[in-house]
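K.L.:
Give the three-dimensional model of this entry:
(chains A and B)
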Protein chains: 2
Amino acid sequence: MANMNFIDKLSSASKRNDSLLCVGLDPDMGKIPLHAAKDPIFEFNKRIVDATSDLVIAYKPNLAFYEALGLDGMRSLMKTVEYISDVPVIADAKRGDVDHATKAYAKAVFDVFRFDAVTVNPYMGIDSVKPFLDYVEKGVFILCRTSNPGAKNFQDLYCKKFLYEIVAERVVDWNVHKNCGVVAGATYPEELKKIRAIVGEDVPILIPGIGAQSGDLEKAVKFGTNSSGNMAIISSSRSIIYAGKGKDFDKKARDVALSLRDKINQFRHEI
Amino acid sequence: MANMNFIDKLSSASKRNDSLLCVGLDPDMGKIPLHAAKDPIFEFNKRIVDATSDLVIAYKPNLAFYEALGLDGMRSLMKTVEYISDVPVIADAKRGDVDHATKAYAKAVFDVFRFDAVTVNPYMGIDSVKPFLDYVEKGVFILCRTSNPGAKNFQDLYCKKFLYEIVAERVVDWNVHKNCGVVAGATYPEELKKIRAIVGEDVPILIPGIGAQSGDLEKAVKFGTNSSGNMAIISSSRSIIYAGKGKDFDKKARDVALSLRDKINQFRHEI
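P.N.:
Numbering: from 1, shown residues only, chains lettered A, B, ... in the order given. Coordinates of the predicted model:
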């Protein structure tokens, strides 16, 4: 699928697996039951992927957890991205910098690590985002209304509109290559609804916050999808990958992923 | 100096070297005249550091340029940080994520890579910053008014105050451990002046934008320093480290660094 662009790859995985579920691959050495393995992070991810790749729309490794493990962690990440086929992989990187530094980040994420998409922080404005957008085959998810409590500090600044609404409007302007997405947390369903209204039918929304962060799944599906129940990527990390603590952790992960995918689809089909 | 906190280490280097100059260590393989070396990035940085370490207040590698070189780049970065002694090293990383992911980024930057300080993007709010602040011995520079053109897109939103002013005010609130700094670009001197007024005397301001980005040096010094001409970190990357293209690139870098340090001091002493 090397020649498919991100949106097509995403749509294809969604259709094939009848799924909007995205699994976050966020390694935590304290929770991984594979310490004897030569590369426990990669082995863990591999087994999670093997157990769930027919159930998901995408995978989303958060780079923080790999960087915290130093060079070994980054190597495991690279192997993980290489291993996953047929399902798009989103770098949850939240990058953004001045133009020439963003070019370097885009090179790192897309050329070196070979991700299909990336999450980007918009605070520095268009030139901190554009070098990512220039990879027209790749997806770029711009943080709009994030899922965490601190999201309120700045994203809720109200000045005729909320800052997160202004960001969503800019994303529509910036979407020249039709490769923009936005991030909007399930923990704030009303905001998610407004964001879907602003970005329209064709912009994918990456929705974290339904698992450990306790966001409202039904509203995430109903407000986050477009009118045909698509273009939402509903992401859960810890509640899936750490569902089991024993040798059968991959089976446990699959059980939770399957049940979550089906629950999402149930709400999706009620639309 | 392992037991010194960031602000003390910064003040000590500033006093010893009579300097506010920070050199950005941003490798670009196309510009580095050391391709025969086993680890050209590290060798380049080492020679720049050897040639300038008595002239600077800090070094600031931007992580983007190392990540773009993959695992080898990250390894060179780690060696570079390890090599630099007596002068604080700021990770220009512009990170920020939900609480548990930010904890992992803080671990990466401070425990694994052993930086003295980091730049942080505030868009996600307090819980995306706090895990960095909890390293009370380390410095945390929060993006306030960045130096790039796109800074205007969101940072200039005006709602009784500008967003960047609101960010600066929050930094004052968040500075419980006295380890906060802010980033404010030399390309926007009036904004820099307002930011210094908001954050007061003791918060260091990291000021990029004077070299290739053509910011106003005199105003950067006069508006960025506190009333005693301190607590500003004036950063230049490309104009110093790529001053020369030949074998004597380190000497050329030193010449530019020396002249820039002295020019900064001249404006500083006019205050």
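
K.L.:
Could you list every helix and strand in contact with the helix or strand of chain A with the lowest mean pLDDT?
P.N.:
When the helices and strands of chain A are scored by mean pLDDT, DSSP states H and E, strand A:158-159 comes last with a mean of 82. Judged by 3 or more Cβ pairs under 8 Å, 6 or more residues apart in numbering or on different chains; DSSP states H and E, strand A:158-159 is in contact with strand B:158-159. C-betas here are computed from N, CA, C, even on glycine.

K.L.:
what's the next secondary structure element after the strand it packs on?
P.N.:
strand B:161-162 (DSSP states H and E).

K.L.:
downstream neighbour of that following strand in the secondary structure list?
P.N.:
helix B:163-174.

K.L.:
Touching the helix or strand that comes right after that next one from outside, list them.
P.N.:
Next helix or strand after helix B:163-174 toward the C-terminus (DSSP H and E): strand B:180-184. Strand B:180-184 has contacts (Cβ atoms under 8 Å, 6 or more residues apart in numbering or on different chains) with B:117, B:119, B:133, B:139-146, B:164, B:167-168, B:171, B:174, B:191-192, B:195-196, B:199, B:203-208, B:224, B:233.

K.L.:
just stretch A:160-171 next, same as before
P.N.:
A:122, A:126, A:142-145, A:151, A:154-157, A:180, A:182, A:184, A:191, A:194-195, A:198-199, A:203, B:153-154, B:157, B:163.

K.L.:
Those residues in strands, which ones?
P.N.:
Those of these mapping onto strands are A:142-145, A:180, A:182, A:184, per DSSP state E.

K.L.:
all helices for chain A, in order.
P.N.:
For chain A, the helices defined by DSSP state H occupy A:6-17, A:40-52, A:63-67, A:70-83, A:99-106, A:130-133, A:151-155, A:163-174, A:189-199, A:217-224, A:238-241, A:249-269.

K.L.:
who are the neighbours in contact with the residue nearest the centre of chain A?
P.N.:
Geometric centre of chain A, nearest residue: A:Lys60, 4.8 Å, by Cα atoms, centre = their mean. A:Lys60 sits next to A:22-25, A:89-90, A:92, A:206, A:233, A:235, A:237 when contact means Cβ under 8 Å, 6+ apart.

K.L.:
Quick check: PyMOL command selecting the buried ones in the contacts of stretch A:160-171.
P.N.:
Per 16 or more other Cβ atoms under 10 Å in any protein chain shown, the buried members of these correspond to this PyMOL selection:
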select buried, (chain A and resi 122+126+142+143+144+145+151+154+155+157+180+182+184+191+194+195+198+199+203) or (chain B and resi 153+154+157+163)
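
K.L.:
what sits opposite the residue nearest to the centre of chain A in the beta ladder?
P.N.:
Beta bridges link A:Lys60 to A:Gly24, judged by DSSP bridges.

K.L.:
Give me the contact list for stretch A:8-23.
P.N.:
Taking Cβ under 8 Å, 6+ apart as the rule, stretch A:8-23 contacts A:1, A:4, A:48, A:52, A:54-60, A:86-88, A:90, A:116, A:139, A:204, A:206, A:221, A:225, A:230, A:232-237, A:240-241, A:253, A:257, A:260-261, A:264-265, A:268.

K.L.:
need the ones in strands among the contacts of stretch A:160-171 in TSV with pLDDT, can you?
P.N.:
Output for the ones in strands among the contacts of stretch A:160-171, formatted as TSV (pLDDT from 0 to 100):
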residue	pLDDT
A:Ile142	93
A:Leu143	92
A:Cys144	88
A:Arg145	88
A:Cys180	90
A:Val182	92
A:Ala184	92
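
K.L.:
can you give me the end-to-end distance of stretch A:51-59?
P.N.:
End-to-end distance for stretch A:51-59: 13 Å, by Cα to Cα, to the nearest Å.

K.L.:
my guess is A:Val98 contacts B:Thr146, does it?
P.N.:
Yes - the criterion here is Cβ atoms under 8 Å, and A:Val98 meets it with B:Thr146 at 7.1 Å.

K.L.:
Identify the contacts common to these two.
P.N.:
A:124, A:128, B:208.

K.L.:
mind listing what the second one touches?
P.N.:
Contacts of A:Ser128 were listed using Cβ under 8 Å, 6+ apart, and they are A:96-99, A:102, A:120-122, B:146, B:148, B:150.

K.L.:
From those residues, pick the one nearest A:Lys38.
P.N.:
A:Val120 (33.8 Å; Cβ to Cβ).

K.L.:
With chain B as the reference, measure out to the closest one.
P.N.:
10 Å (Cβ to the nearest Cβ, to the nearest Å).

K.L.:
what's the neighbour count on A:Ser236?
P.N.:
26 (other Cβ atoms under 10 Å in any protein chain shown).

K.L.:
Find me the pLDDT at the residue lying closest to it once chain neighbours are set aside, would you?
P.N.:
Closest residue to A:Ser236 apart from its sequence neighbours, by Cβ to Cβ, 6 or more residues apart in numbering or on different chains: A:Gly211 at 3.9 Å. On the pLDDT scale, A:Gly211 is placed at 75.

K.L.:
can you count the residues close to A:Gly211?
P.N.:
Based on other Cβ under 10 Å, the number of other residues close to A:Gly211 is 21.

K.L.:
try A:Phe162
P.N.:
Counted with other Cβ under 10 Å, A:Phe162 comes out at 16.

K.L.:
which one of the shared contacts of A:Val98 and B:Thr146 is nearest A:Ala36?
P.N.:
Top of the list for closeness to A:Ala36, among the shared contacts of A:Val98 and B:Thr146 and by Cβ to Cβ, is A:Ser128 at 42.8 Å.

K.L.:
related to what we said a few turns ago, among the contacts of stretch A:8-23, which ones are buried?
P.N.:
Buried positions within those, assessed by neighbour count (16+ other Cβ under 10 Å), are A:48, A:52, A:54-60, A:87-88, A:90, A:116, A:139, A:204, A:206, A:221, A:225, A:230, A:232-237, A:240-241, A:253, A:257, A:260-261, A:264-265, A:268.
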